[in-house]
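*Asks:* Dropping the sequence and predicted coords here.
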Amino acid sequence: MVKNTLIAGLIIIGLLISIILERTINYSQPTHGVNVIIIPDAPEIDAEQAAINLGEAIRYQTTTLLPGDPRPGQEQPWLEFQSWMQSTYPAFHAAARKETVTGGHTLLFTWQGSDPDLKPLLLMAHQDVVPVSLRTIDDWDAAPFSGEILDGYVYGRGTIDNKGSLVGLLEALNALAVKDFRPKRTILLMLGHDEEVGGAGAAAGIALLKSRGVNPIMALDEGSMVLETSPLTGKPVGMIGIAEKGYLTLELTVSAPGGHSSMPSRNSAPVRLAQALIALDENQMPIDLSQPPVSTLLRVSARDMPFLARMALANAWLFGPVIDAQVSASPTANAVVRTTTAPTMLVGSPKENILAQRASATVNFRIHPNDTEDDIIAHVEALTKDIPGLEITIGQRGIRGMGASPVSPTDNLPYGVLSSLASEIGNGAPVSPSLVLGATDSRYASAITDSVYRFMPAIMTAEDLRGFHGTNERLTIENVGQLARGYAQIILAMDQEA
């Protein structure tokens, strides 16, 4: 009997090992079908001149701070910047019709195609930039609004986010217009004016297109790019953003009698609030590695992973707790695989010797496509239901937020073009759909097309990306030229595949 039991156990173990090994070996084979597209050559682009143009664009301080910016009387940088665009890129402005979207400074260009039966191509970028902290100005190698070119880089706020893309698009479109390119497919270019504070301009622009019955074959905006060093593998990888996280802010408030600090009551409002925050921190929203884009990103990256890492991911049903612990230790990896929970603002007593009658915390959630706003609210309510006097409300201004975007397809022409170009830029690097962690203007485009992508045709290092919204934001001259060439190639590829 014991012998039979031992044999049966060994057979089960052998089968288990066989299953684990088979799944590991096959794991690196992507399961999505991507069209491979021959990418056409770009028109000649002068990268040095494009970099000079980007430097000039940086000098227009189109900084937004709050929704509604620019305020009346503060529009001059936008107006001067738009005048500069027209004088710097005259061929494109002559070929396309320009509109200013009602209620702001968002621009919509229409370059009419010769075939009205073809769906148009929508290209997007934004004019505004985030502010620079006065305390960090001395830490910049070049002044943040100088647009100075130093050691092969263009320095300045907006070089990456997002005037680099904006100038790249205009360089590409102008170069095509100079070469007498005549698109078969209508090209739409939308340049939002307030993306950094909510994107009301882009929302209005998309609403305008929707009212006209416009259904683009693709909407393309900022987001992912080719990374010289993947955080998963340490090797190059092309990333095509096919979805972006949503945004929800909740306020947790605890009420209590208060009183004088010389006679404190136990379990005060701040203590109960702290209990709620600890509960949220120790019980994060669950991860799910089975759905795209995360599932495909892991499969595509697996070929460059160590065997044990590949084995764990291929057999998440067995190694789930180990994977969870590993990804949770990395802020970047953690943000990719789950809805994140971030307490950001705390308010309590107005004076050190007064017990707080109300203690509140603002908690910001970035919503993964696998979750909804209602999922998050239910999660918070379940974890805090036993804390007396706790009230949960949505946002300081009653703003519910916005759920994660829909996930765009990877088996169509637009993704095939972007994927093929990313592979070319990365010299054959693997390319994967990815999840964009921040919000872009393109989230509004889901109202008029199911093919919304977030990709900048450039290759960047981890050091480059540290300047994003930070100190020493900069872009190499080579990447300025690459952006312009890449956007031109996208336009030509989408047109030749009509």
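*Replies:* Alright, I've got the coordinates.
*Asks:* Tell me where this structure is predicted with low confidence.
*Replies:* 1-4, 8, 29-32, 396-400, 497-498 (pLDDT under 70).
*Asks:* The same query, at a cut-off of 50, please.
*Replies:* 31, 397-399 (pLDDT under 50).
*Asks:* Which helix in it has the most residues?
*Replies:* The single longest helix within the chain, with elements called by DSSP state H, is helix 2-27.
*Asks:* now for it, which elements pack on it?
*Replies:* On a contact count with 3 or more Cβ pairs under 8 Å, 6 or more residues apart in numbering; DSSP states H and E, helix 2-27 meets helix 307-314. C-beta coordinates here come from the backbone N, C-alpha and C atoms, glycine included.
*Asks:* Could you name the helices and strands sitting against the helix it packs on?
*Replies:* Against helix 307-314 (3+ Cβ pairs under 8 Å, 6+ apart) you get helix 2-27, helix 316-328.
*Asks:* What's the end-to-end length of stretch 63-71?
*Replies:* 11 Å (Cα to Cα, to the nearest Å).
*Asks:* meant to ask about stretch 201-219
*Replies:* End to end - Cα to Cα - stretch 201-219 spans 16 Å.
*Asks:* got it, and stretch 212-229?
*Replies:* 43 Å.
*Asks:* Now for Ser230: which residues touch it?
*Replies:* Pro236, Val237, Ser301, Asp304 (Cβ atoms under 8 Å, 6 or more residues apart in numbering).
*Asks:* Let me know the distance separating it from Ser224.
*Replies:* Separation of Ser230 from Ser224 (Cβ to Cβ, to the nearest Å): 12 Å.
*Asks:* And for Asn267?
*Replies:* From Asn267 over to Ser224 (counting by Cβ to Cβ), the distance is 47 Å.
*Asks:* Between those two, which is the more surrounded one?
*Replies:* For Asn267 versus Ser224, neighbours defined as other Cβ atoms under 10 Å are more numerous around Ser224 (25 against 13).
*Asks:* related to what we said a few turns ago, the longest helix of the chain vs helix 307-314, what angle?
*Replies:* 90 degrees (axes from the mean of the first three to the mean of the last three Cα atoms, to 10 degrees).
*Asks:* In this structure Lys179 contacts Ile45, no?
*Replies:* No: taking contacts as Cβ atoms under 8 Å, Lys179 lies outside contact range of Ile45: 11.3 Å.
*Asks:* And the two? Which one has more around it.
*Replies:* The residue with more neighbours, out of Lys179 and Ile45, is Ile45; 22 against 12, by other Cβ under 10 Å.
*Asks:* any idea whether Gly168 is helix, strand or coil?
*Replies:* helix (DSSP: H, G, I helix; E, B strand; the rest coil).
*Asks:* number of nearby residues for it?
*Replies:* Residues near Gly168, counting by other Cβ under 10 Å: 30.
*Asks:* Just give me the residue right at the centre of the protein.
*Replies:* Val436 (3.1 Å; Cα atoms, centre = their mean).
*Asks:* list the contacts for it?
*Replies:* So Val436 contacts Gly223, Ser224, Gly241, Ala243, Glu244, Lys245, Arg454 (Cβ under 8 Å, 6+ apart).
*Asks:* which SS class is Ala342?
*Replies:* strand.
*Asks:* With adjacent residues omitted, what lies nearest to it?
*Replies:* In space, and not counting its chain neighbours, Ala342 is closest to Asn364: 4.8 Å by Cβ to Cβ, 6 or more residues apart in numbering.
*Asks:* Ok, Ser255 next?
*Replies:* Gly389 (4.9 Å).
*Asks:* On the three-state scheme, Leu79 is what?
*Replies:* helix.
*Asks:* Hmm, Gly198 and His126 touching each other?
*Replies:* No: between His126 and Gly198 there is no contact under Cβ under 8 Å: 11.3 Å.
*Asks:* More neighbours: these two, which one.
*Replies:* His126 (28 against 19).
*Asks:* got a list of what that one touches?
*Replies:* Asn162, Leu166, Leu191, Gly192, His193, Asp194, Glu195, Glu196, Gly199, Ala202, Glu222, Asp441.
*Asks:* show me the contacts for the fourth one.
*Replies:* Put plainly, it is Gly192. Counted by Cβ under 8 Å, 6+ apart, Gly192 has contacts Thr106, Met124, Ala125, His126, Gln127, Asp128, Gly199, Gly201, Ala202, Gly205, Asp441.
*Asks:* and it, how far is that from Ser165?
*Replies:* From Gly192 over to Ser165 (counting by Cβ to Cβ), the distance is 11 Å.
*Asks:* Name the residues contacting each of the two.
*Replies:* With Cβ under 8 Å, 6+ apart as the test, Gly192 and Ser165 both reach Ala125.
*Asks:* domain ranges for the protein?
*Replies:* Following automatic domain parsing, one finds the domains of the chain at 47-244+404-496, 246-394.
*Asks:* Return the most buried member of the helices and strands packed on helix 307-314.
*Replies:* helix 316-328 (a mean of 14; mean count of other Cβ atoms under 10 Å).
*Asks:* next structured bit after that one?
*Replies:* Proceeding N to C from helix 316-328, the next assigned helix or strand is helix 331-337, under DSSP states H and E.
*Asks:* Show me what that following helix is in contact with.
*Replies:* For helix 331-337, using Cβ under 8 Å, 6+ apart, the contacting residues are 231-232, 245, 287-289, 294, 297, 326-328, 340, 366, 368, 435, 437.
*Asks:* roughly how far is that helix from the heart of the chain?
*Replies:* Here helix 331-337 is found 13 Å from its chain centre; the criterion is Cα atoms, centre = their mean, to the nearest Å.
*Asks:* First-to-last residue distance for stretch 258-277?
*Replies:* The straight-line separation of the ends of stretch 258-277 (Cα to Cα) is 20 Å.
*Asks:* so who does Gln127 touch?
*Replies:* Thr62, Trp78, Phe81, Gln82, His105, Leu107, Lys163, Leu166, Leu191, Gly192, His193.
*Asks:* try 10 Å this time
*Replies:* 57, 60, 62, 64, 77-78, 81-82, 85, 105-107, 158, 162-163, 166, 191-196, 201 (Cβ atoms under 10 Å, 6 or more residues apart in numbering).
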